[in-house]
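Q: need a structure here:
(one chain, ligands or ions: 1)
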Amino acid sequence: MYIKLFCDMKIIITGAKGLVGSAISKRLETNIDTELLKIGRDNCDLENKTETDKVFNSFSPDIVIHCAGKVFGIGGNMANQYDSWIKNTIINMNVIEASRESKVKHLISLGTGCVYPSEIVEGGYSETQLWDGNVDNSEYGYAHSKRHMLAGLQSLERSSDFKFTYIVSCNLFGPNDSFNEDTGHVIPSLISKFEKKISGENSKVSLWGNGSAVRDFLSSIEMARALEFFVREGPHGVVNVCSGVKRSIKDVIYAISDISGVSEEDFYWDHSKPNGQNQRYYKNKKLRDIGFDIQDTFKKDLETTYKWYLQNKKGARR
Ligand SMILES: NC(=O)c1ccc[n+]([C@@H]2O[C@H](COP(=O)([O-])OP(=O)(O)OC[C@H]3O[C@@H](n4cnc5c(N)ncnc54)[C@H](OP(=O)(O)O)[C@@H]3O)[C@@H](O)[C@H]2O)c1
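A: Prediction:
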């Protein structure tokens, strides 16, 4: 029989309607009997400091899982460098400051692999290399807002007994993602294009760049499992959360082609579109050493995401 763990900690989840926020909300609601406040735009605009302070102070959380942000894929980050920098910087500052004021015991924040230097590191980046060089120009604004958040968390930790976990996340995908083909992430954008081919809305599937870029992809379902682990285990500073498996964009395309039934004759490569950084992958040794056994559930969770999209196409975010 399944037993829910009782936890007397109060937890805030920001970005609760987004890809990661919805996955961790669902997981905590199922597994932990606790008081949970899910923040979406409808109950708190995190760009507004007064509103953010008010919500945090009146709920008085012990743990905050910060998943909110202005999140784009490569095309969106390139086209909206300033928007991404300013909005994410303001949101992150408001969340950190409200957490400090309301005496949060553990702030779990979502960072991104873009914070690592653009220079490729053989074997993948490890946590100690985060400040070793400049970020890649393609996601300059976004990456700097995420480095700035880490600098804020580390400064606060140095000045008080504040504790945090800063998740350096690889590329994510899953239900409740944004399926915008121009500004969204590669997997939801491909899913939308492949589905349009299947439904006859498009005659061909256009693919960006040449498909050679290598990434580490993790589902939001597996990320939520990792986040729950940190809720239970407590703060651990900077931690890479990734599958540890390298996949090229071409590998992803063939996997979606298999799932959707769209064949290779129906693709064409648009070489005018960006590839992004050639390679970006990470070591997950620290995560494993802490005791979390991350799984590579790529194919299974990609199928789940494709099915979710078929069922929720109309209401899906774009
Ligand atoms: N997805 C990835 O591949 C990936 C990879 C690495 C790191 N991350 C990081 O993981 C975190 C979660 O990303 P995600 O993919 O789950 O993004 P997402 O699906 O776009 O979710 C972000 C959520 O934040 C909300 N939000 C934005 N501005 C807000 C505001 N001013 N007030 C209140 N809510 C606001 C968004 O609402 P609206 O939809 O209304 O804007 C959305 O529900 C982010 O920090 C992201 O940088 C994501």
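Q: now the helix or strand that contains Ile253: buried residues?
A: Assignment of secondary structure by DSSP states H and E places Ile253 within helix 249-260. Neighbour counts using 16 or more other CB atoms under 10 Å place Ile249, Val252, Ile253, Ala255, Ile256, Ser257, Ile259, Ser260 of helix 249-260 among the buried residues. For every residue, glycine as well, the C-beta is placed using N, CA and C.
Q: so the third one makes contact with Trp208?
A: No: taking CB atoms under 8 Å as the contact criterion, Ile253 and Trp208 are not neighbours in contact, 10.2 Å apart.
Q: so who does the closest residue to the ligand within the stretch 201-318 of the chain touch?
A: Nearest residue of the stretch 201-318 of the chain to the ligand (CB to the nearest ligand atom) works out as Arg317 at 5.8 Å. Residues in contact with Arg317 (CB atoms under 8 Å, 6 or more residues apart in numbering) are Asn176, Asp177, Ser178, Phe179, Asn180.
Q: picking that back up, measure how far the helix holding Ile253 is from the centre of its chain, please.
A: Mean-position distance between helix 249-260 and its chain equals 21 Å (CA atoms, centre = their mean, to the nearest Å).
Q: closest to the centroid, which residue in the protein?
A: With distances taken as CA atoms, centre = their mean, Leu172 lies nearest the centre of the chain, 5.4 Å away.
Q: now the helix or strand where it lies: average pLDDT?
A: Following DSSP H and E, one finds Leu172 within strand 171-173. In this model, strand 171-173 carries a mean pLDDT of 96.
Q: which other residues reach that strand?
A: Residues outside strand 171-173 that contact it (CB under 8 Å, 6+ apart): 19-20, 113, 185-188, 215-220, 223, 301-302, 305.
Q: pull out the buried positions in the helix or strand just after that strand.
A: Toward the C-terminus, strand 171-173 is succeeded by helix 186-198 as the next helix or strand (DSSP H and E). Within helix 186-198, the residues that qualify as buried by neighbour count (16+ other CB under 10 Å) are Val186, Ile187, Pro188, Ser189, Leu190, Ile191, Ser192, Lys193, Phe194, Glu195, Lys196, Lys197.
Q: the residue lying closest to the second one once chain neighbours are set aside pairs with what?
A: In space, not counting the residues next to it along the chain, Ile187 is nearest to Phe173; the distance is 3.8 Å by CB to CB, 6 or more residues apart in numbering. Beta-bridge partners recorded for Phe173 (DSSP bridges): Ser219.
Q: what's the separation between Phe173 and the ligand?
A: Going from Phe173 to the ligand by CB to the nearest ligand atom, to the nearest Å gives 7 Å.
Q: also Lys196?
A: Lys196 is 21 Å from the ligand, by CB to the nearest ligand atom.
Q: and the pLDDT at the residue nearest to that residue when sequence neighbours are not counted?
A: Among residues not flanking Lys196 along the chain, Asn202 sits closest, at 4.1 Å (CB to CB, 6+ apart). Model confidence at Asn202, expressed as pLDDT, equals 87.
Q: confirm Asn202 sits in a strand?
A: No: with DSSP: H, G, I helix; E, B strand; the rest coil as the criterion, Asn202 is coil rather than part of a strand.
Q: residues near it, how many?
A: Neighbourhood size, Asn202 [other CB atoms under 10 Å]: 15.
Q: roughly how far does it sit from Thr297?
A: Distance from Asn202 to Thr297, counting by CB to CB, to the nearest Å: 29 Å.
Q: likewise Glu265?
A: With CB to CB as the criterion, Glu265 and Thr297 are 30 Å apart.
Q: of those two, who's got more company?
A: Between Glu265 and Thr297, counting by other CB under 10 Å, Thr297 is the more crowded of the two (15 against 7).
Q: near the ligand, anything from stretch 215-231?
A: No: figure legend: stretch 215-231 not in contact with the ligand (CB under 6 Å from any ligand atom); closest approach 6.9 Å.
Q: would you mind putting the CA coordinates of that stretch into CSV?
A: Coordinates of each C-alpha in stretch 215-231 appear next as CSV, following Å, rounded to 0.1, in the frame of the first residue of the first chain:
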residue,chain,number,x,y,z
ARG,A,215,22.8,18.1,-25.6
ASP,A,216,21.6,16.2,-22.5
PHE,A,217,17.8,15.9,-22.4
LEU,A,218,15.9,15.1,-19.3
SER,A,219,12.1,14.9,-18.8
SER,A,220,10.3,17.2,-16.4
ILE,A,221,9.0,14.0,-14.8
GLU,A,222,12.5,12.9,-13.9
MET,A,223,13.5,16.5,-12.9
ALA,A,224,10.5,16.5,-10.5
ARG,A,225,11.8,13.2,-8.9
ALA,A,226,15.1,15.0,-8.4
LEU,A,227,13.4,18.1,-6.9
GLU,A,228,11.4,15.9,-4.5
PHE,A,229,14.7,14.3,-3.4
PHE,A,230,16.1,17.8,-2.5
VAL,A,231,13.0,18.7,-0.6
